[in-house]
Structure formats: C-alpha cells, structure tokens
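S.K.: any chance you could fold what I've pasted below:
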Amino acid sequence: MVVLIVVIVIVVLLALGLWGGYNGLVKRRNRTQEAWSEIDVELKRRHDLIPNLVSTVQGYAAHEKGTFEAVTQARANAVTAGATGDPGQIAPAENALSGALRSLFAVAENYPQLRAVESFLQLQETLTATEDKIEYARRYYNTSARDYNISLQSFPRNLIAGPFGFKAVAFFATDEDERAVPQVSFAGSGPDSAGPAPSPAAGPPPAAGAQGPPPAG
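M.R.: Presented below is the predicted three-dimensional model:
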C-alpha cells in the first residue's frame with residue numbers, strides 16, 4: 001500500500017511538473033510572438049513611408065538616380081525578407097535599408113530648399129518616430145526571445161520542448177549606427193550664408209525661390 005501511494009505521488013508530481021513546464025513555455029513563446037508582432041507593425045509602417053520620401057527628395061535631386069534606386073531596391077529586399085517572418089533574414093535586410101536611407105538623407109542635405117517642404121519634414125519626423133518604436137520593440141523582443149530560449153535549454157523543460165514542438169527563435173540583431181535616421185541639418189543655410197552651394201559633383205539644383213520645386217517623379 002505504501003509503495004502504491006509513493007508511486008501515485010511520484011506520478012502526480014511528474015504530471016504537475018509537465019503541466020507547469022509546458023505552460024511556462026507556452027507563456028514565453030506567446031510573449032515572444034507578441035513582441036515580434038510589434039516589430040512587424042512598425043517595419044511595415046517604415047516601408048510604407050519610404051516611397052513618398054523618395055518621391056519628395058527626387059523632386060529636387062532627380063539626377064541622384066543611383067541613390068533612389070538603391071533605396072527602392074533595399075526596401076523591396078526588406079519587404080521580401082519580412083514575408084519570411086524570420087528575424088535572422090529580416091535583420092540584415094533592414095540594416096541594409098537603414099544604410100540606404102542614410103545615403104538618401106545625405107543627398108537631401110545638399111538641397112536646403114527641402115527645409116520649406118512640409119511633406120518632407122513630416123515624413124522625416126514620422127520616420128524618426130517609427131525608428132524609435134522599432135528600437136524599443138526590438139529590445140523587448142530580444143529580451144523575450146532570450147528568456148524563451150533559456151527556458152527551452154533548461155532542465156526539465158528541455159525534455160518536453162522537442163516532443164511538444166517548441167523551437168528556439170532568432171534574435172533581431174541590428175547595427176546601432178545604421179538604425180538611427182540622420183537629421184537633415186541644412187548646414188550653411190543660415191543668414192550668414194546666402195545661397196549655399198550644392199555638392200560640386202551633384203550638378204545644378206533647381207534655382208531656389210525662382211520657380212518653386214519641379215514636380216515629383
């Protein structure tokens with residue numbers, strides 16, 4: 001009788017341990033998926049802003065074709081990577097897009113006329129706010145992914161992770177230097193500098209204040 005009671009107690013304890021371990025993994029996995037969904041929403045918002053941003057800058061620097069093509073291609077690659085849902089593929093594509101955006105804003109700095117274009121300033125402000133949200137969501141996701149992965153590797157949860165289909169998730173790694181959206185400073189456009197000169201290699205820009213900006217596209 002005593003042996004039977006001991007066996008029953010052991011079985012109950014194992015069942016409770018299995019139940020607790022399984023529920024713990026489910027909770028951490030759901031938290032990680034929720035964190036990733038926040039990143040996904042902000043990345044899609046970022047992708048939606050870029051075509052309008054390119055179109056606005058292109059209206060003032062149509063000859064910077066290489067930069068616009070690089071941004072457009074980087075965006076397309078990021079969208080394609082995003083469809084996989086794999087942070088390991090998405091992160092490099094988003095880092096490349098960040099680098100292309102930095103080049104675009106570097107071009108914009110050569111055209112002080114853009115400081116008077118409200119749509120450009122609004123796009124830049126929205127993009128900067130989106131980048132901040134992505135960074136916040138990325139940190140939350142990586143923390144959740146770390147806790148989840150540790151749980152998968154810890155005993156006794158590692159004994160039930162495989163049979164119940166729990167798999168480790170990739171971190172969303174990013175280059176901190178590439179993540180920040182540069183602010184266009186329009187250096188030299190103050191009262192002490194009348195008509196700041198554009199980059200010598202860029203060719204003649206539209207005449208400031210003469211006929212207004214050329215049409216975008």
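
S.K.: use CA for all of it now, contacts and neighbours both
M.R.: Fine.

S.K.: what ranges in this structure fall below the confidence cut-off?
M.R.: 175-217 (pLDDT under 70).

S.K.: for it, what spans make up the helices?
M.R.: Using DSSP state H, the helices of the chain run over 2-58, 65-84, 87-108, 118-153, 157-161, 176-179.

S.K.: return the alpha-carbon coordinates of the fifth one using PDB.
M.R.: Listed next in PDB are the C-alpha coordinates belonging to helix 157-161 (Å, rounded to 0.1, in the frame of the first residue of the first chain):
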ATOM      1  CA  ARG A 157      11.800  21.900 -19.800                       C
ATOM      2  CA  ASN A 158      14.300  20.800 -22.400                       C
ATOM      3  CA  LEU A 159      12.800  17.300 -22.000                       C
ATOM      4  CA  ILE A 160       9.400  18.400 -23.200                       C
ATOM      5  CA  ALA A 161      10.400  21.200 -25.700                       C
END
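
S.K.: mind giving me the packing neighbours of it?
M.R.: helix 2-58, helix 118-153 (3 or more C-alpha pairs under 8 Å, 6 or more residues apart in numbering; DSSP states H and E).

S.K.: what's the closest non-adjacent residue to Val169?
M.R.: Ala145 (6.4 Å; C-alpha to C-alpha, 6 or more residues apart in numbering).

S.K.: tell me how many other residues crowd that neighbour.
M.R.: Look at Ala145: counted by other C-alpha atoms under 10 Å, it has 24 neighbours.

S.K.: quick one: contacts for it?
M.R.: Arg29, Thr32, Val169, Ala170, Phe171 (C-alpha atoms under 8 Å, 6 or more residues apart in numbering).
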